[in-house]
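Visitor: missing the sequence, but the structure's below:
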Ligand code: SAH
């Protein structure tokens, strides 16, 4: 998966490639889907949600420029896969999920895998996780119509936020947002298709 779908398509950060070699994606999907876990696609995880395509996980992880010890906020825990990749990269991960069933199963799985540097919370992540702010990095793995102001406010300076944004459901642009000396800059990194970001500052 890493060689053919990720490195071959231009993701070069060794920290990303190593992390994705270490995290076994089949453990984050139901047994019936395990044989498809290393294919180039998103897969259903229940509740109408998906574990993201491995390539987009790699692209987002690379854009974040994670350094060991970074405090990283993820919105949209889902299966817990992206959180595990970030933890393998050396981040202290805070991840928020709004659907109770997914929150419970991801929290248990990540604990059983001994990812003690990941904390999981059940909440509307469009409002961030103010208790632990600011975050060096923020990644949103669901797509909403705008960049939530709460997340910009909870981003450290300097800091990087990666988020899919689109005025239409399931059609987004991947936006790279940087905060430097109080200045916010936004760059369009290309098209993507994520499930809905649902909440106060989402759909
Ligand atoms: N990062 C996940 C991808 C899961 S899909 C993984 O690696 O498996 C996106 C997830 O975002 C879904 O589980 C969905 O329930 C969740 N989500 C959508 N809106 C949210 C919100 N406002 N706060 C927290 N989670 C949200």
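Guide: Happy to help now that I have it. Keep in mind that this is a model prediction, so the values were computed, not measured.

Visitor: now residue 87: which helix or strand?
Guide: Assessed by DSSP states H and E, residue 87 sits inside helix 81-88.

Visitor: which elements pack onto that helix?
Guide: helix 14-22, helix 54-63, strand 71-75, strand 92-97, helix 100-112, strand 118-122 (3 or more CB pairs under 8 Å, 6 or more residues apart in numbering; DSSP states H and E). Glycine gets a C-beta too; all of them are placed from N, C-alpha and C.

Visitor: okay, the angle between the last one and helix 81-88?
Guide: Direction vectors for strand 118-122 and helix 81-88, defined by axes from the mean of the first three to the mean of the last three CA atoms, to 10 degrees, enclose an angle of 150 degrees.

Visitor: what pairs with strand 118-122, and is each one parallel or antiparallel?
Guide: strand 92-97 (parallel) (DSSP bridges).

Visitor: starting at the chain centroid, how far to the strand it pairs with?
Guide: 9 Å (CA atoms, centre = their mean, to the nearest Å).

Visitor: now the angle between helix 100-112 and it, please.
Guide: Going by the same axes, to 10 degrees, strand 92-97 makes 160 degrees with helix 100-112.

Visitor: residues near the closest residue to residue 34 other than its chain neighbours, how many?
Guide: Among residues not flanking residue 34 along the chain, residue 26 sits closest, at 4.2 Å (CB to CB, 6 or more residues apart in numbering). Per other CB atoms under 10 Å, the neighbour tally for residue 26 reads 13.

Visitor: any part of stretch 111-131 near the ligand?
Guide: Yes: interface with the ligand: stretch 111-131 contributes 124-126 (CB under 6 Å from any ligand atom).

Visitor: I'd like the average pLDDT over that stretch.
Guide: What stretch 111-131 shows for mean pLDDT is 98.

Visitor: residue ranges with poor pLDDT in the protein?
Guide: Counting by pLDDT under 70, not a single residue of the chain qualifies.

Visitor: spell out which parts of it neighbour the ligand.
Guide: Residues of the chain lying close to the ligand by CB under 6 Å from any ligand atom are 49-52, 75-76, 78-79, 81-82, 96-99, 102, 124-126, 141-142, 195, 197-199, 202.
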